[in-house]
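S.K.: What follows is a predicted structure for the sequence shown.
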Amino acid sequence: MKTVSRLLLIFLTLFSVACGSAAQSSDVEDSGNSSIDPLVSPFDGIERGDNLTWGYFIREPFRSSVVSELPIPVYVALFNDDERAEVLEGIDVANEAVGFEVFEVLDEWQPDARVIYKVDEINFDEDSSITGIDDYSRVVGYTYSRNVYVNGLHDSGRVVTDFAIEIRSDHVDKYVVAHELGHAMGIQEHALIDYENDTTTDLEPYSLMSASITLNPTLDDYNYMMSMQGDILLEYMRGLGVEINISANP
């Protein structure tokens, strides 16, 4: 950690109106998927997700506009066995930070699942209207999302109702996955959320939610924010009248 050669830098890029870093696009138009059969896995017969258009899984017919159950079903696609193990470890890091099992990995595809999948490169069509990215080669993880807000708050009231995460094939790492799941819980900036004042402040050095993280990132800020985001998610679901059943982590 004292030399640059020992750092695995993970660059994640901020963009878009109610969204965040390496992470998210909300307000995606629901167009282009009308002929897709949601009961057939779009991952059947392909090795990489590069041919899937940006925002594919948060549009119709896959769109989930609310969180209606816990744990949230997650489908992991296109990773080999070793890579899948890293992804599952990243999901464990996120669940432990939230304090209950918020993400549950499915064995089989289902259309209401949020997805984590592998791509060779993260890029976007020129017409995608995404701004703030000038060097795609630095982006190794990306989260598309749909967001709602609790109690009229922005930074400290954000709930992600739907998400899809791309992980670049040469950076499949549990901490990349856990970072992206932080965005999927509503941590949009590479910053520490000030929940009392509905704004953000600086992260601790080498924090997992930093734009560039190390091989062994610190988790204090991450664990704090994920726990808070878990509370916000539960508040949102109670407001919808959803019956909540959660399994606390040991």
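M.R.: All right, it came through fine.
S.K.: can you tell me which strand in this protein is longest?
M.R.: In the chain, taking DSSP state E as the definition, the longest strand is strand 158-168.
S.K.: Any idea how far that one is from the middle of the chain?
M.R.: Offset of strand 158-168 from its chain centre (C-alpha atoms, centre = their mean, to the nearest Å): 3 Å.
S.K.: Pull up the pairing partners for that strand, direction included.
M.R.: Using DSSP bridges, strand 158-168 pairs in its sheet with strand 114-119 (parallel), strand 141-149 (antiparallel).
S.K.: what about those strands, which gets the closest to residue 48?
M.R.: strand 114-119 (5.7 Å; C-beta to C-beta). To be clear about C-beta, it is placed using only N, CA and C from the backbone, and glycine gets the same treatment.
S.K.: Spell out the residue ranges of the helices in this structure.
M.R.: Chain-ordered helices for the chain, with DSSP state H as the definition, fall at 81-98, 174-184, 220-239.
S.K.: Just put the ones you listed in TSV and tack on mean neighbour count, distance to residue 162 and mean pLDDT.
M.R.: Formatted as TSV, those follow (neighbours: other C-beta atoms under 10 Å; distance: least, C-beta to C-beta, whole Å; pLDDT from 0 to 100):
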stretch	mean neighbour count	distance to residue 162	mean pLDDT
helix 81-98	18	16	98
helix 174-184	26	9	96
helix 220-239	18	13	96
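S.K.: quick one: buried residues of the worst-scoring helix or strand of the chain on mean pLDDT?
M.R.: When each helix and strand of the chain is scored by mean pLDDT, DSSP states H and E, strand 141-149 comes last, with a mean of 92. Neighbour counts using 16 or more other C-beta atoms under 10 Å place 141-149 of strand 141-149 among the buried residues.
S.K.: Between those residues, which sits nearest residue 207?
M.R.: Nearest to residue 207 among these is residue 141, at 15.3 Å by C-beta to C-beta.
S.K.: That closest one and residue 107: what is the separation?
M.R.: 24 Å (C-beta to C-beta, to the nearest Å).
S.K.: surely residue 89 meets residue 173?
M.R.: No - if you go by C-beta atoms under 8 Å, residue 89 and residue 173 don't touch, sitting 9.0 Å apart.
S.K.: now residue 104: how far from residue 92?
M.R.: 11 Å.
S.K.: same deal with residue 103?
M.R.: 9 Å.
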